[in-house]
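[1] okay, predicted coordinates and the sequence, questions at the end:
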Amino acid sequence: MAETAQVGDGGSEALATLHRVFGYEAFRGEQEAVVDHVVAGGDAVVLMPTGGGKSLCYQIPSLVRPGTGIVVSPLIALMQDQVDALRALGVRAGFMNSTQDFDERRVVEAEFLAGELDLLYLAPERLRLEGTLDLLSRGKISLFAIDEAHCVSQWGHDFRPDYLALSLLGERWPDVPRLALTATATHATHREITERLNMPSARHFVASFDRPNIQYRIVSKTDPKKQLLSFLREEHPGDAGIVYCLSRNSVEKTAEFLSRNGVEAVPYHAGLDAGTRAAHQSRFLREEGLVVVATIAFGMGIDKPDVRFVAHLDLPKSVEGYYQETGRAGRDGLPSTAWMAYGLNDVIQQRKLIQSGEGDEAFRRRAQSHLDAMLALCETVHCRRGQLLAYFGQDPDPAGCGNCDSCLTPPETWDGTVAAQKVLSTVVRLKRERGQKFGAGQIIDILLGKRTAKVIQFDHDQLSVFGIGEELTETEWRGVARQLLAQGLLAVEGEYGTLVLTEASGTVLRREREVPLRKEPKKPATARSAGGGRGERKAKAAAAELPAELAPAFEALRAWRAEQAREQGVPAYVIFHDATLREIATVWPTSVGQLGGISGVGEKKLATYGEGVVAVLAGLEGPSAASTPAAGPGAGPAPHSGEDDWPEQEPEDWE
Ligand code: ADP
Ligand code: ZN
């Protein structure tokens with residue numbers, strides 16, 4: 001059969017390209033099926049988690065099929081880096097966007113028309129211009145890849161009107177295969193992409209959404225900046241990472257606080273001018289160990305492989321958003337952490353935002369259900385990963401993942417029925433007896449019997465519920481209120497975030513149901529206190545699990561890489577990923593030929609850097625018998641602790 005033969009040939013050519021150009025051993029998960037399908041000329045809708053490996057799904061077919069692969073991407077600021085990374089692999093890539101001047105664009109156009117480009121990156125707004133369409137008609141196109149395809153969804157979190165115009169590509173080029181790729185996985189978005197891009201006959205590929213190397217942890221928020229600092233100092237000293245905050249103000253303050261306390265951090269939000277934003281993004285990509293504190297404006301499409309942690313200081317609005325943001329950690333497959341501090345005020349603030357926000361009732365309801373799913377994730381006593389995968393319609397391991405806080409330190413629950421009744425009764429009494437509504441702070445002060453100025457002002461010490469809650473601490477009461485809000489047993493109203501009952505509150509007050517609650521941990525779990533292999537972890541993740549004898553080689557290779565990157569003005573990972581350097585240090589190739597067998601070392605890189613790498617190793621004392629590959633990585637003693645280098649004094653902002 002002709003078709004099978006074609007697929008088969010394309011398949012082996014694809015695999016050969018994977019080896020030769022990218023230096024990778026094998027396709028991952030769905031990649032092979034997608035590549036085969038597109039090489040054979042089919043349309044595809046591809047859902048893969050962030051870091052799952054979407055790029056190869058269109059890069060390989062673009063190399064295998066005749067003509068240029070057109071990649072539509074909204075990420076103008078990243079195109080230069082993407083193209084640089086491809087050129088470093090020997091791929092003929094170019095881009096066209098508004099950052100170029102006329103001459104630069106002319107060069108790219110000429111290359112395209114001459115058939116000298118394997119890949120051409122374009123911003124979606126370009127494709128609305130007749131001039132661009134006309135140019136494309138005059139060249140040969142191998143495929144269209146529509147990256148970040150969820151941008152077509154009007155209900156999504158990142159709608160771009162320019163994406164709607166992309167449906168015409170199919171009409172204008174009916175014979176050119178199209179791929180739509182996204183990391184946003186809900187069925188609604190999936191359907192919308194297919195409809196709006198007019199791809200009814202596309203095959204759908206859904207990869208596993210699991211990112212096993214990311215450890216998910218959600219801690220109870222007490223003093224977020226201080227908690228963040230301890231997390232960074234204890235677990236990620238010197239590591240690159242992203243901290244997400246909701247407001248520009250908290251972004252600025254947090255970046256300042258971290259910098260003042262010895263963690264190099266820069267802010268990123270839409271209020272900064274474009275030049276500053278670009279400079280900070282570029283530093284993040286190029287430097288090692290920089291922390292970016294950002295609103296959600298930062299991070300889409302950033303393919304820095306060695307982001308070791310993503311921290312949230314505020315509650316994301318949806319599980320989709322959370323998963324996309326946390327997915328930016330650990331693209332290189334090395335251990336990484338998704339850490340979030342979450343508390344009562346987050347729930348109140350988000351509920352308030354939805355109520356006072358724009359949009360009609362349907363929009364509000366949708367926002368509400370997104371938030372509810374996010375809250376359910378925060379409050380679950382079960383495996384976080386399990387909950388995430390189930391949310392994306394995939395089957396989790398019923399035994400748990402072993403790499404989230406719930407699995408590492410199973411949370412305790414307690415019967416919070418009476419506590420819940422106390423909170424709800426206080427709300428009821430204020431309403432019935434005084435015609436008043438108050439926020440959580442006042443309710444808790446009343447329960448605790450605190451005679452604050454505000455309590456005295458309103459005579460709340462005369463209420464029968466005054467002081468009936470002294471058995472719990474303030475933190476614990478905040479935990480109760482938070483969980484009641486999360487479970488919909490209590491609601492927030494108005495601009496002051498006052499607490500009111502919901503329909504479901506009655507069932508608690510009438511003792512028709514129990515209210516199991518998650519216990520507030522006395523001391524929040526860390527990877528260290530959680531035990532297990534990672535508890536031993538002290539040095540930077542990049543060097544972690546590498547035998548001590550190999551650390552000098554790894555560091556020497558990194559230093560060599562930094563120099564190369566500086567000379568060429570590209571991010572270090574464009575030269576080689578950390579994972580590749582680790583493998584090089586482990587295998588210790590003594591010839592260029594041996595180096596070629598290592599994952600991430602393709603033909604071009606071998607030719608460019610082979611001798612340099614071998615020379616770096618030749619200049620070092622060889623590995624001892626204990627750390628030869630036969631002994632395996634991790635066989636040596638634990639890596640040297642970098643902890644001693646860290647200042648002991650309390651950070652300035654601590655109370
Ligand atoms: P996505 O676009 O889905 O977020 P990327 O395409 O950036 O993910 O890939 C994530 C990382 O995984 C990249 O560093 C890439 O080099 C690496 N990668 C992808 N596919 C493979 C593979 N088959 N073998 C080894 N590494 C891979
Ligand atoms: Zn788990």
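    Sure, I can see it. Numbers count the residues shown, from 1 in each chain. Ligands and ions are numbered 1, 2, ... in the order given.
[2] point out the residues in the stretch 51-200 of the chain that sit beside ligand 1.
    Within the stretch 51-200 of the chain, the positions adjacent to ligand 1 are 51, 52, 53, 54, 55, 56 by Cβ under 6 Å from any ligand atom. Every C-beta, even on glycine, is put in place using the N, C-alpha and C of the backbone.
[3] apologies, that question was intended for the chain.
    So far as Cβ under 6 Å from any ligand atom goes, the chain lies against ligand 1 at 24, 27-28, 31, 48, 50-56, 303, 305, 331-332.
[4] could I have the buried ones of these as ChimeraX selection syntax?
    In ChimeraX, a selection of the buried entries from the residues of the chain next to ligand 1 looks like this (16 or more other Cβ atoms under 10 Å):
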select :24,27,31,48,50,51,52,53,54,55,56,303,305,331,332
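[5] any idea how far the nearest residue to residue 140 once chain neighbours are set aside is from residue 118?
    Ranked by Cβ to Cβ, 6 or more residues apart in numbering and with sequence neighbours excluded, the top spatial neighbour of residue 140 is residue 67, at 3.6 Å. As judged by Cβ to Cβ, to the nearest Å, residue 67 and residue 118 stand 9 Å apart.
[6] low pLDDT regions in the stretch 1-150 of the chain?
    Low-confidence segments of the stretch 1-150 of the chain (pLDDT under 70): 1-10.
[7] tell me who's in contact with the residue in it positioned nearest to ligand 2.
    Minimum separation of the stretch 1-150 of the chain from ligand 2 (Cβ to the ion) falls at residue 49, amounting to 16.2 Å. Residue 49 is in contact with 183, 185, 207, 208, 209, 210, 211, 323, 327, counting by Cβ atoms under 8 Å, 6 or more residues apart in numbering.
[8] what's near enough to touch the fourth one?
    The one in question is residue 208. 29, 49, 394.
[9] which ones among the residues of the stretch 51-200 of the chain next to ligand 1 are found in helices?
    The helices, defined by DSSP state H, take in 54, 55, 56 from these.
[10] residue 212: what secondary structure?
    Three-state assignment for residue 212 (DSSP: H, G, I helix; E, B strand; the rest coil): coil.
[11] what's the nearest residue to it if we skip its chain neighbours?
    residue 403 (6.7 Å).
[12] domains for the protein, by residue range?
    7-206, 214-411, 414-519, 541-627 (automatic domain parsing).
[13] least confident of these, on average?
    Among the domains of the chain, domain 541-627 has the lowest mean pLDDT, at a mean of 86.
[14] thinking again about what came up before, part of a helix, is the residue of the stretch 1-150 of the chain closest to ligand 2?
    No: secondary structure of residue 49 (three-state DSSP): coil, not part of a helix.
[15] spell out which parts of this structure neighbour ligand 2.
    Selection of the chain residues close to ligand 2 by Cβ under 5 Å from the ion yields 383, 385, 400, 401, 404, 407.
[16] quick check on the residue nearest to residue 140: phi, psi?
    The phi/psi pair for residue 67 (degrees, to the nearest 10) reads phi 100, psi -180.
[17] kindly report the same for residue 45.
    According to degrees, to the nearest 10, residue 45 has phi -110, psi 120.
[18] next SSE downstream of the helix or strand where residue 12 lies?
    Under the criterion of DSSP states H and E, residue 12 resides in helix 2-17. From helix 2-17 onward toward the C-terminus, using DSSP H and E, the following helix or strand is helix 31-39.
[19] dump that next one to CSV, keeping only the CA atoms.
    Backbone C-alpha positions of helix 31-39 (Å, rounded to 0.1, in the frame of the first residue of the first chain) are rendered in CSV as follows:
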residue,chain,number,x,y,z
GLN,A,31,5.7,12.6,19.2
GLU,A,32,6.3,9.7,16.8
ALA,A,33,2.6,9.3,15.9
VAL,A,34,2.2,13.0,15.3
VAL,A,35,5.3,13.3,13.2
ASP,A,36,4.4,10.3,11.1
HIS,A,37,0.9,11.6,10.6
VAL,A,38,2.0,15.1,9.6
VAL,A,39,4.9,13.9,7.4
